[in-house]
Structures are given as C-alpha cells and as structure tokens.
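**Q** just to be clear, the model below is a prediction. Sequence and coordinates:
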Amino acid sequence: MFRNYLTIAFRNLLRHKTFSLITIFGLAVGLASCLLLLLYISQEASYDTFHTKADRIARVTMEYSMDGQVGQYGVTGTKVVPDFGRSFPEVESGVRMLAGQAVVSNKSIRFREKRFVYADSAFFHLFSFPLLKGDPAKALAAPNQLVLSASTARKYFGDRNPVGQTLRIGLDKDFMVTGVVADCPPNSQIKYDLLASFTSLDDAKTEQWWSANYASYLLLRTPASIRSLEAKIPAYMRTKSAETEMTGKNYLTYFLEPMPGVHLHSAVSGVFEPAGNVTYIYIFGAIALLILVIACVNYINLASARAVERAQEVGVRKVMGALPRQLFGQFMGESSLVTFTALLIGGLLSYLLLPVFNSLTDRQFSAAVWLDPRTIMIVLAVGTLVSLIAGSYPALILTRYKPVQVLKGHLKGHSASRFRQSLIVFQFAITAFLIVSTVMVKRQLSFIQQKKLGYNKEHVLILPANRQVNGQISAVKQQLTQLSGVKHVSFVYESPTFVNGGYGMRRFDMPENTYRMITGLPVDEDFVKTTGLQIVAGSDLTEQDMIRANDPKGDTLNSYRFILNEAAVKDFGWKTPQEAIGKRVDMGGNRKGEVKAVVANFHFASMRQKISPIVLFTEYGGGSMLVKLAGNDITGTIRQIEGTWKKLAPNYPFEYQFMDQEFNKLYAGETRTGQLFTVFAGLSILLACLGLFGLSAFTTAQRTKEIGIRKVLGASIPGLIFLLTKDFLKLVLIAILIASPLAWYAMNKWLDDFAYKVSVEWWVFALTALLAVGIAFLTVSFQSLKAAWMNPVRSLRSE
C-alpha cells in the first residue's frame, strides 16, 4: 500500500510540474532562510552556556551617583573582587581582567595583538576554557606569565612546544609562556588570544574602588547566592563611604549579572566585544517564522485550490472502500514527500549560502554545524512541523468530500476559497510589514550617516600609539606635518567617535567634594583643528597650555586649561558659553585650572544617547594618534606616513583605520539588521509572488471558457486583464491596510532606542502600497495576458 501511495504522489507531482516546482522551491527557500536564521539565533542564545559553572558565575557592574547624576558601567576598580571575597561567605572565588592591546614579538616575528587580556590566577578555575598545555592552577600565578591560544601559539612558534619559551611584550618586558589554551568559541563574550597574569600590572599591587577599568567576575557557592549577595551590597557599600568618598545622597554600589544573560540582557556595554541585543533575536526569530509561514501558505493555497481536481479520485477511492484515515494518511504522505524534498534542497541552499550569511551577520559559522546532532534534530523537527502544518488542511478538505456528490459532478467549488483569500491577505500583510521595516531601518541608518556630528570624521586616520611613539610627540608631529598630504596631527587618549572616560568636575564656587559627573577626554593643542570642532566662545589650546599643564616639576605647579561643550556649560549653571570662559574648575587628582573655550555640542557616543556634558583637558600622550589628511592622493600620503612611522617607531607595527570606519562600528548591529531585513523582505516578496503566480495560473485555467466567451462578445484585452487581476489586488490592498498600523507601531518601538532618529512618515506606507500592488499586478497580469491573448476558439474547445 505504501508503494502505491508513493507512486500516486510522484505521478501527481510530475503531472502538475508548475505547481510542484512552485511548492517545492518556495518551501526550500523558506526552509533555507529559517535554518540560517536559526543558526544565528541559537549561537546568540547559547553565549557562555559552555562554562560548567555558568549558573554560579556573575559579572559585577558598577553604579554610582554624584549630585543626582547616575552612571552605570560594566567595569570596576581593582578592589571589588578581593574585598567581596573576604567580606561575603557567598563568594567562592573571583577574577579581574583588563582587556587591551599589545605589541608582541618573538625575534623577527612581530604583531600588534588586539585581544591581549590580563587575568587573575583563578581564571581557569572559574571558566571552562580547556587548557591544552600547562597547569591551570599555576599558569597565571606569578608575574610575567603568559598563556597563548592554540592559533596564537602556532603563529609565533609553529609546531614547536611554546611552554617555557619567552615572548617580548611591548618594548622591554619578557613574559614566559606557561600554557596553551583552546581558541575561544564564537559564543563566548570573553574573547582573547593572549592571557597574561594580572600580577604583571602595577595596578595589581593596590586595591582601589575607583580607576574602574577592569572586568570583574565572581564565582558564587550556589546559583541562588547571586541574588542574595546582590541584595547585601548597597548596605555594605554604605559602610565604605569614607573610603569611596561618597557621602550624603551620593553613592557607589554594584550589581551582579548572571553570566549566561550578560551577552543579550546586560544594561551596560560589553568589555571584550559589543553586547548583543535580545530585541534583534526576537526580530530575526519572527522573520524566520514569517518566511516559513509564507512558504507554508503557498503550499496550503495551491494544494487546497487543486482539491477540486482530485475530488473524483477521492470519490472513487471511497466507493472502493478507502477509509478517511487511509486517505488522510495518503495525502499527508504526499505532503511529507514534498516537504522533505524541499528540506533537502533547502539544506543544500543553506550550505551554499553560508559564506554570504556569514558576511551579512559578521559571524563565522562552519559547515560542520550541519553535522551536529542537535542541528540535525532541529532540522528534522522543523521539516516534520512544516509537513504537518502545510499538509493537514488540504488533506482534511480532500477526505471530507462525499463520493455521491463528487461522482455526479455536483461539486462546483468549495468553501475553502475564502480561506485561500485569507491566506493571501496574510502573506502580503507579512510582506508589507517587512517592506516598511526595511525602508525605516535604511532611513535611520542613512540619517545616522548624514547627520552632522559636530566634528569632521572624513579623511582622518587613527593610528594606535605606544610608549615609544608618545616619548617623541614633537618629532612625530613635526615630521608628519611636513608631508604635503597631512594637515594636522593630534595625540589623544581615544577617538572622539566613542569616549568612555568618566570623571567628576566642580566649579570652584561649589562645596568641596561636590562633583558633577562628566565625560572627559585628554587631548593636545591640535585636537580641535584635527577634528574640526567648532569653538563658540574662548580660544583654542596652545603649546604653552600643554607645557603649563604637564610641568615636570610636579602636579602642584600644574595649571590645566579646559574645553567644555555647550551641554557642560548648561549643566554647570552658566547661562552662556561666554560666561564660562575664565572660570576656575576642579577635576580632582590635582587637575585644577580654568575654562579656556567652549565648543558646539558634538556626538561622542552612539546616537541612542543624547549629547551629554564633556570636558577636553590638556594632557600629553594617549592611546591614539589622529592624522587629518588633505584628501588628495590618500594612498600616496598613507605610504609616506608609513615610511616616517617606520623610522620613528621601527618596533611598532604600522596599522591604521579611518575615523569614519570606527564610527560605522557603533552601528554594526543596525547595519546587519538592515541588510537582513532587505534580504528577507526580498525573499518574502519572492515567495508571496510565487504563491500568487501559482494561484492565478490555477484560477485563470478554471476560467478559460469564460474568457473565450467574453472575447467572442467583444471584451478587450485590458478589460480581461482587469477582470482577472482585480480580486487579487483587492486582497493585497486589504493586506496593506492590516500591516500598516502594525509596522507603524513596531518601527516606533525600535526607533525609541535612539535619541536622534527619523520619524515614521506617511509616504513610507504609500511607497510600500505602490510596491506591493505593482509587484502583485505584474505577477498576476502575466497569467492574465496569456489567457487574454489565447484564441477564443481554442478556449471554447478545451475540456
């Protein structure tokens, strides 16, 4: 019997090649899209779950309030981990980490390593990173010890055993390699290539609540201890107010984030890599589901539309004694055959498209993921579910036909037509929703790119600077500015695209220890000219200001010059920028001086945040060097800069990026979202049109005689096209009306994350309606034209 059913299924597929191809191809594309998106979602949702103690590990985040202003950060000072370990019995162990960069060399081999992390000796006790060589308890126990990832070990030592060998870090520090660890898995928020012992740092010798630069993790004795300990911390920190100098309403406290939730649910930024966003996981999950639903709807629509054609087959089978469950089994078997054929094709498509998907998502999924038993189980489960969803309704329709009515020819139609119309509306509502979303995401990204930032990011190179480069600032500036293609050079702590430094600042007429929170950036006298900031009051910094602020005789002789933005002027209570000029201010740490200039507000963080107060202050050196290019012959100028760099810093690799590239990294998540929306909106349009094409072909074939009669009676071709397309276009318009308010709500919710954003305007929905109706009309009119051009004699003779 099974062989008979299989034979009938194959014959039906071959007899109706067009419908079969549309159904199988549509399902294959839908399943491939779903599988690829599930890969992304499963990786994001599985972050840090590979740690065996993940349920007991918590990341410590810091929150403090100064004068009513609250700041939240994902880093702490060096004291949190050891102090909490001594003070709270819930804490079993802890690790402090400092993420940074370093130039690493082994004789002639030299690289600037961007994932260089210092970590406490308990690192391998907390985290399940498998140590391939070395002793986990001793690998980071002493100063100047180094653990390499497997790929880094091969880079510096080839196939030799690196344990016991030394690598030079920076200019003059030698570290001994004590272990080799497996490369970090892609679903780890802690990412590194080299791990150095934390005791190698000077900051490890003292315990401080402030100077917050360190990622801190605690291992609790039980999972429940995370919340019980967090509840004790605020009261405990109030007992430390004398140490923290946070009195009155000011406070310093800490929160604990369970490790598996840090990547997607943290309220603060990531330390080792940008945090994920659970909202985008929901979005991509919804897209995967919607694409799959559209593909299933195509199958249901076409199968139920063809049900009338198979009615006689069902009638004969019932007369011959076939039971409803046998008929249902037959048609579900056909559905399974179609679905799993589509699943095989979809799996092949997803394999072939994996490199493209990796590029879209900025991930490195391997083809080996398809061999994972969990992946295979998910794929089979998805295929079975689709087979049941797509096949059950047509099977129920066919098994309910009454053989007497069918064999007498009294079956002219079926009530399923309304259901098919509802499914078309549903399909195009999804498509319209995705089109609106795509347009809005693209508009917001375009707005971000084109908005005036308050500084000029064009033609500005960012070069990392080390101690060797900082030691000869004047020579570097002099030689680089002599190049014809270079306009300005500035040494700065970090790029202005995203400034992280947090400080306290007060006016001299404010009470002692009453500081306002402010973002701070150490700069030199050429920073304003290099970045193109607009001075609205006062005058720019000079070389003399730098000398005065960095007097080698001691901090007590230092006299700083500060540049505030307009937001800082307002926050400190001055009515105009001019009023702030010359006023004495104190940043603490012997940084006292006066306001020399006020600059127009500029964006130094993501546009999700409003522009807040920032101070630029005079200090030599920094982690970055900004080079403003003239814009002529950029390639040649960079080559000249490289030549000069190699003379001045021969032991430091020449690497650079443009400031606009660094700016774009702030919105990498939104860019990926826009690309994915574009791709999958296109796929939804393709799938919806495939279904509409198949359904219109079937409907047109049923009305062949009607069309022939109308032509004989004088109907025009445009009139026939309108007759055959109007019903479908009505359904598309209804779909747009349903989708529009949903898309408006969803996009406004998404835009709420941005302080600076576009508005959802009416023309977006008009454009969507035009696109959807136009595409639907072109899809349906192809079959309509074919029928309208048919010779009426041939139409009337057809059976």
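**A** Thanks, I have it.
**Q** what's the helix or strand for R96?
**A** Using DSSP states H and E, R96 sits within strand 91-106.
**Q** domains of this protein: list them as residue ranges, please.
**A** Annotated domains of the chain cover 1-46+275-414, 54-265, 467-651 [automatic domain parsing].
**Q** and L352, how many neighbours?
**A** If you count neighbours by other Cβ atoms under 10 Å, L352 ends up with 11. In short, each C-beta sits where N, CA and C put it, glycine included.
**Q** contacts only, for it.
**A** Shown in contact with L352 (Cβ atoms under 8 Å, 6 or more residues apart in numbering): no residues.
**Q** how about a cut-off of 10 Å?
**A** L352 sits next to 32, 367 when contact means Cβ atoms under 10 Å, 6 or more residues apart in numbering.
**Q** could you do A668 as well?
**A** Counting by Cβ under 10 Å, 6+ apart, A668 touches 274, 362.
**Q** the one 4 residues further on now?
**A** Contacts were defined as Cβ under 10 Å, 6+ apart; by that measure R672 touches 40, 280, 284, 359-363.
**Q** I611 too?
**A** 454, 565-567, 600-605, 755-756.
**Q** tell me the buried residues in the helix or strand hosting V293?
**A** Using DSSP H and E, V293 sits within helix 278-305. Under the neighbour-count criterion of 16 or more other Cβ atoms under 10 Å, helix 278-305 has 280-281, 283-285, 287-288, 290-305 buried.
**Q** what does stretch 377-385 give?
**A** Of the residues in stretch 377-385, 378-379, 382-383 count as buried by neighbour count, 16+ other Cβ under 10 Å.
**Q** what does stretch 167-176 give?
**A** Those would be 167-169, 175-176, for stretch 167-176 by 16+ other Cβ under 10 Å.
**Q** with stretch 565-578 instead?
**A** For stretch 565-578, by 16+ other Cβ under 10 Å, it's 565-572, 574, 577.
**Q** output the residues you listed as a markdown table; include the columns pLDDT.
**A** Formatted as a markdown table, these follow (pLDDT from 0 to 100):
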| residue | pLDDT |
| --- | --- |
| N565 | 96 |
| E566 | 96 |
| A567 | 95 |
| A568 | 95 |
| V569 | 96 |
| K570 | 94 |
| D571 | 93 |
| F572 | 93 |
| W574 | 95 |
| P577 | 96 |
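**Q** now intersect those residues with the helices, please.
**A** 566-571, 577 (DSSP state H).
**Q** what is the end-to-end distance of stretch 12-22?
**A** In terms of Cα to Cα, to the nearest Å, the two terminal residues of stretch 12-22 are separated by 14 Å.
**Q** quick one: low-confidence parts of the stretch 601-750 of the chain?
**A** The model of the stretch 601-750 of the chain has pLDDT under 70 over residues 697-698, 700-704, 711-712.
**Q** repeat that for the stretch 251-400 of the chain.
**A** For the stretch 251-400 of the chain, the stretches with pLDDT under 70 are 304-318, 321-322, 324, 390, 393-395, 397-400.
**Q** in the stretch 151-300 of the chain, what residue spans correspond to helices?
**A** The residue ranges that make up the helices of the stretch 151-300 of the chain, judged by DSSP state H, counting those that start in this stretch, are 225-238, 241-244, 259-265, 278-305.
**Q** residue contacts, the residue nearest to Y620 when sequence neighbours are not counted?
**A** Spatial nearest neighbour of Y620, chain neighbours left out: N550 (5.1 Å); criterion: Cβ to Cβ, 6 or more residues apart in numbering. Going by Cβ under 10 Å, 6+ apart, N550 touches 524, 558, 560, 618-621.
**Q** for N550, give its distance to V585.
**A** Note on N550: its distance to V585, by Cβ to Cβ, to the nearest Å, is 18 Å.
**Q** same question, G26
**A** Separation of G26 from V585 (Cβ to Cβ): 67 Å.
**Q** just the element for the most centrally placed residue in the chain, please.
**A** Compute the mean C-alpha point of the chain, and by Cα atoms, centre = their mean the closest residue is G669, 3.0 Å away. Assigned by DSSP H and E, G669 falls within helix 668-702.
**Q** and the angle for that helix with helix 278-305?
**A** For helix 668-702 against helix 278-305, the angle by axes from the mean of the first three to the mean of the last three Cα atoms, to 10 degrees is 10 degrees.
**Q** right, and A204 touches S197 too?
**A** Yes. Judged on Cβ atoms under 10 Å, A204 makes contact with S197 at a distance of 8.7 Å.
**Q** more crowded one of these two?
**A** The residue with more neighbours, out of A204 and S197, is S197; 24 against 17, by other Cβ under 10 Å.
**Q** residues contacting A45?
**A** By Cβ under 10 Å, 6+ apart, A45 lies in contact with 187, 260, 263-264, 276, 278, 281, 285.
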